[in-house]
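**Q** could you look at this predicted model? Sequence included:
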Amino acid sequence: MKTVEIFTDGACSGNPGPGGWGAILRYNGIEKELSGGAAETTNNRMELSAVIAGLSALKEPCRVILTSDSKYIIDAVKNGWAEKWRANNWIKGDKKPALNPDLWERLLELLEIHRVEFVWVKGHAGHPENERCDKLAVEQSKKYAQVK
């Protein structure tokens, strides 16, 4: 099983507002950058979109070391919250609806294919790949801000 590193970040101006996401995939010293965005979105949707895009780009099941500054994603996966939300028809423990069930559903499907280890890094703290992903995400959010 190949080991791939994926770095992700999301950005949003206004939250909700124009947003973007960036991802870097690294395998065997070769890097590929992905990015995208939306005109009206939230930061959490962009964080999820970055992770989904990175994992979706893999052509076969892989061992993945996924580095993100999103506590929202990492805690929801590592603590089993996302699985519980899905099992409870996207209702959280506090009886409120889970946000972004469409993206969580897709992410959980991808996590069944790949062996993913999540690594949290502090955002805007000089981590080179996180800074690059942030730059990709902000560039995309600016593109979508112009579309509005």
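**A** Sure, I can see it. Keep in mind the model is a prediction, meaning the values are calculated, not measured.

**Q** quick one: contacts of stretch 37-44?
**A** With contact meaning CB atoms under 8 Å, 6 or more residues apart in numbering, stretch 37-44 is reached by 10-12, 15-21, 45-46, 49, 70, 72, 99-100, 137, 140-141, 143-144, 147-148. Yep, even glycine has a C-beta here, placed from its N, CA and C like the rest.

**Q** right, I mislabeled it, should have said stretch 87-97
**A** Contacts with stretch 87-97, where a contact means CB under 8 Å, 6+ apart, come from 81, 84-85, 98, 101, 104.

**Q** in PDB, list the C-alpha atoms belonging to it.
**A** Extracted C-alpha coordinates of stretch 87-97, given in PDB (Å, rounded to 0.1, in the frame of the first residue of the first chain):
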ATOM      1  CA  ALA A  87     -25.700   6.700  12.700                       C
ATOM      2  CA  ASN A  88     -28.200   9.200  14.200                       C
ATOM      3  CA  ASN A  89     -29.400  10.500  10.900                       C
ATOM      4  CA  TRP A  90     -27.100  13.500  11.000                       C
ATOM      5  CA  ILE A  91     -28.400  14.600  14.500                       C
ATOM      6  CA  LYS A  92     -25.700  15.500  17.000                       C
ATOM      7  CA  GLY A  93     -25.700  14.500  20.700                       C
ATOM      8  CA  ASP A  94     -27.200  17.800  21.600                       C
ATOM      9  CA  LYS A  95     -30.200  17.000  19.300                       C
ATOM     10  CA  LYS A  96     -29.200  19.700  16.800                       C
ATOM     11  CA  PRO A  97     -28.700  18.900  13.200                       C
END
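
**Q** and that stretch, what's buried?
**A** Across stretch 87-97, burial judged by 16 or more other CB atoms under 10 Å covers Trp90.

**Q** average model confidence for that stretch?
**A** Stretch 87-97 shows a mean pLDDT of 96.

**Q** circling back to that earlier point, of the contacts of stretch 87-97, buried ones?
**A** Those of these that meet the buried threshold are 81, 85, 98, 104, by 16+ other CB under 10 Å.

**Q** turn those residues into CSV, including secondary structure and distance to Ser35.
**A** Converted to CSV, the buried ones among the contacts of stretch 87-97 look like this (DSSP: H, G, I helix; E, B strand; the rest coil; distance: CB to CB, whole Å):
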residue, secondary structure, distance to Ser35
Trp81, helix, 27
Trp85, helix, 27
Ala98, coil, 26
Trp104, helix, 21
